[in-house]
Structure formats: C-alpha cells, structure tokens
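>>> after the sequence you'll find the predicted model.
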Amino acid sequence: MRWKLLRRRLSVSAPRMIVRSHLPWPVRWAVAAVALGFSAALAMWAFETGKGLAGLDSRAKEELAQLRVEVAQLREEREKALSIANTADSLLKAERTAQERLAQQLKQTEAENLALKNDLGFFERLLPAAAGESALSIRGLQAEAASDHQLRYQLLLLQPGKARPEFAGRYEVTLAGTLDGKPWTQPHPGGAQPLQVKQYRRVEGVIDHPAQAVIRTVTVKVTDTRGALLASHSVQM
C-alpha cells in the first residue's frame, strides 16, 4: 500500500502543485490604485480626444463666449436702467421742490393781493379832495382795538399838486373817552411824531392805553414845523 502511494507521487499521474509568490496587501492596493489611475487617465484622454474630434469643445467655447457677451450686455442694460431711475428720482425731487416753491409764492401773492384789496378799500372810503384845495389834508382815519389795552390807527395824508415841495411837520393822535366813570384823554405817547409827505402818505401805528379806559373819540392833528395847525380829523369809536 505504501509502495503504491510512493509510486503515484513519483509518477506522471502525481497531483499538480502551484507555486504562488505571496505579496503584502499594501503592495497589492498600490498596484490596483496605479492600474485604476492609468485606466481613468486613458478614459479621460479618450473622452477629450473624442470630444475634440466631434467638435464639442469648440462649440462649448463658442457658447461660453456668447454667454459672456450676453452677460456683459445685461450688465450694461442694468447700469442704464439704474441711471434712468436715478435721473427720474432727481427730476421728481426737483419737481417737488419747484411745486413747494410755487406754493409759497402763491401764498405770498395771495397775501399781497389781500393787502392791496385792503388798501383799495381804505382809499375807496376816502372823500374826494375839494376843488381848489392846496394845503395838506387828512383824507381818512381808521381806528380799531388791537387788544384790551392797545388801539391801532391808520390814516392817509394828501398834498395836492405835483410841483409842491415835500411837506415836513408833525402829527399827533389823541384818545378821548372815560376812565373809571370820569372824562379821560390821552395824547400820543412821546408827543407829536415827525411827518414828511411828498404827495401822499399812509401812516399807521399802535397806541397803548389803560385797559379800563373806554375810548369814544380818536383825533389826529397835523402841524407844521412852527407848530401851526394845518389839518385835524376825528372819528367816533
């Protein structure tokens, strides 16, 4: 039995033996990685070569260049739109400022028109000058309470004739009435006031008086430089 086994091992029909070299696992992984990298590089080269042969690379470059041009145009249009918007905003602000200025001028014009109407009413209430009158005259006098202790007055003086020299003199306003049930008068504070008239002049002012006074009459007197009385006018309150 042993002889048969020994003969079988030494004969041609003996079992085959395979001799393999044992490599460490890190070396095997490195070899595999190199093979995969080489394969990937080869595949990439084949892809780029095929893309170049098919004309895909040049087409992509053309599309990229066209996209860049379109982006530049969009940016330019955006800048123009922003510039137009800023210009419109500036114009709107300028228009608002102009409207506010016009509104202020309109208010001022209305106030001036109202003052002119008041002046016209004042002049319309004046009596016409008498024929042949040559001296300075008081053509109108108005007086009204400004507060419980103040009186506002307004008068117009006329000097007929264009060639007459300028008049220089004084005027004085006197208040008359009652105070505590007794007769009361009060001349213009500070005495007579200086007055100069070329052809006509409007004079107005405010006089303080006791709050308890009851004013009945307001009188205006005009004198020349020598103190001679030239004109006098009174109104009832």
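Perfect, thanks for sending it.

>>> what helix or strand is Gln66 on?
Element membership for Gln66 (DSSP states H and E) is helix 56-124.

>>> what is the subsequent helix or strand relative to that helix?
strand 137-147.

>>> need the contact partners of the helix or strand just after that next one.
Note on strand 137-147: by DSSP H and E, the next helix or strand toward the C-terminus is strand 150-158. Strand 150-158 is contacted from outside by 122-123, 126, 129, 136-146, 171, 173, 175, 195, 197, 199-209, 215, 218, 220, 222, 231, 233, using Cβ atoms under 8 Å, 6 or more residues apart in numbering. Bear in mind the C-beta positions are built from the backbone N, C-alpha and C, glycine included.

>>> what is the neighbour count of Arg59?
11 (other Cβ atoms under 10 Å).

>>> what subset of the contacts of strand 150-158 is buried?
The neighbour count (16 or more other Cβ atoms under 10 Å) marks 122, 136-141, 143, 171, 173, 175, 195, 197, 201, 203, 207, 209, 215, 218, 220, 222, 231, 233 as buried among those.

>>> how about low-confidence regions in this protein?
Within the chain, the stretches with pLDDT under 70 are 1-34, 37-38, 40-43, 45-58, 60, 119-135, 161-163.

>>> so what strands line up beside the lengthiest strand in it?
Of all the segments of type strand in the chain, defined by DSSP state E, the longest one is strand 167-179. Strand 167-179 pairs in its sheet with strand 182-186 (antiparallel), strand 193-197 (antiparallel), strand 214-224 (antiparallel), by DSSP bridges.
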